[in-house]
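K.L.:
sequence below, structure please.
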Amino acid sequence: MSYLLHGFMGTAQTHFRVQISRFEEKYEVIPVDLPGHGGNDIEAAESYFEEALSFIISLIKEKGPGYLVGLSLGASLAIHTALKTPEQVKGIVLTGYSPFIPQDMKPLMETQYEYFYNIEENDPNAVQYFSKLHGAKWKQTLHSVLHSMTYHSPSISKENIQSLSVPVLILNGSSERHEADAVSYFKETNQAVLGEVISNAGHTANMDQPDIYNRMLEDFLN
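P.N.:
As a prediction, the model looks like this:
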């Protein structure tokens, strides 16, 4: 059983479409819409990350242990679930993920925060898209997740990585330097971690290079 955990303002279908069509016949795939996103009726809470983490842990307890395949926000939720309830997790796959945000990226994050917070002025097309994906709840979701991940981003320590007791695969794109660096950091910190930097791919390596990503994912699941 594999749970697919999407990123910020996406859905399981938009962020994992290629993986769902590739794996759904061979594996039991559970595409998960996170709270506030897509078809999930649970509203995005102010303490977004903690609420989303509780949601995932409850879902796995209900449906059964499995692999967590996470992109960006979903990857962060996957690793925290593995740390909190390792007995429910068969393994985790992390993409678009880094346990650290370099100091020189902080100004960029502030700029992104301002841009998304004022998205109605900055990008009306994105507003239409978000409204179509998430319905009327899109704005509350955007503000809750944005604030949570910008100012209360859940950290992962070196000790956390060393203590991971489930199989880990980290697949990041080469064009995001700090994410590419995170692959070697993970492997150096915990010798059991498997990881690859996928060439000609960015933050969403599973979407940018789906064939390469799918092959590596299947090897890991087998």
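
K.L.:
the residue positioned nearest the centre of the chain in helix, strand or coil?
P.N.:
The chain has residue 74 as the residue nearest its centroid, 2.2 Å off, counting by Cα atoms, centre = their mean. Following DSSP: H, G, I helix; E, B strand; the rest coil, residue 74 is assigned to helix.

K.L.:
now the spatially most distant residue from the centre of the chain: which helix or strand?
P.N.:
The centre of the chain is farthest from one residue, residue 121, which by Cα atoms, centre = their mean lies 27.1 Å away. Using DSSP states H and E, residue 121 falls within helix 119-122.

K.L.:
could you do residue 196 as well?
P.N.:
Using DSSP H and E, residue 196 falls in strand 194-198.

K.L.:
what does the helix holding residue 121 contact?
P.N.:
Here helix 119-122 makes contact (Cβ atoms under 8 Å, 6 or more residues apart in numbering) with 115-116, 126-127, 130, 142. (C-beta placed from N, C-alpha, C; glycine too.)

K.L.:
try stretch 123-132
P.N.:
Applying Cβ under 8 Å, 6+ apart, the set of residues contacting stretch 123-132 is 9, 115, 119-120, 138, 142.

K.L.:
what's the lowest-mean-pLDDT helix or strand in the chain packed up against?
P.N.:
Taking mean pLDDT, DSSP states H and E as the measure, the helix or strand of the chain with the lowest value is helix 106-117, at a mean of 86. Here helix 106-117 touches helix 138-151, going by 3 or more Cβ pairs under 8 Å, 6 or more residues apart in numbering; DSSP states H and E.

K.L.:
tilt between the longest helix along the chain and helix 138-151?
P.N.:
Using DSSP state H to define each element, the chain has its longest helix at helix 48-63. Calculated by axes from the mean of the first three to the mean of the last three Cα atoms, to 10 degrees, helix 48-63 forms an angle of 110 degrees with helix 138-151.
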